[in-house]
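**Q** next input, structure requested:
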Amino acid sequence: MARKPIAELSFSQIYPLLVQKAERKGRTRAEVDAVTCWLTGYDEAGLARQLERDLTYKEFFDEAPALNPARTLITGKICGVDVAAIEDPIEQNARYLDKLVDELARGRALEKVLRA
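**A** All right, here's what the predicted structure looks like:
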């Protein structure tokens, strides 16, 4: 069975998995929401509205109010792939979000995760 491209995956179905990953390591949904809002420019209410709409990753990132320019400071590998080397912008932004949640789950301080 062929894998769906990340752009076609349902953001509202994947987001709870990101929250679970963080919560298993003692982090909170509020922290996951904070990194998501930092990355995309959504506020908490806007993020909640997008989760209710059952958007794809492509729609979620295309409608983002203001992708954070500091997201390019996110480095490293996710699933064995260097996030800086990903050419598709939707996949790259999805992997940035996954990398931010991974950093939270590893115990990194929220301020450092947000590149503050």
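**Q** off-centre distance for the helix ranked longest in the chain?
**A** Across the chain, the helix with the greatest residue count (assigned by DSSP state H) is helix 89-105. Relative to its chain's centre, helix 89-105 lies at 4 Å (C-alpha atoms, centre = their mean, to the nearest Å).
**Q** after it comes which helix or strand?
**A** helix 110-113 (DSSP states H and E).
**Q** that following helix: which residues count as buried?
**A** 110, 113 (16 or more other C-beta atoms under 10 Å). For every residue, glycine as well, the C-beta is placed using N, CA and C.
**Q** list the helices and strands that helix packs on?
**A** helix 29-40, helix 89-105 (3 or more C-beta pairs under 8 Å, 6 or more residues apart in numbering; DSSP states H and E).
**Q** return the most buried member of those helices.
**A** Mean neighbour count (mean count of other C-beta atoms under 10 Å) peaks for helix 89-105 among these, with a mean of 21.
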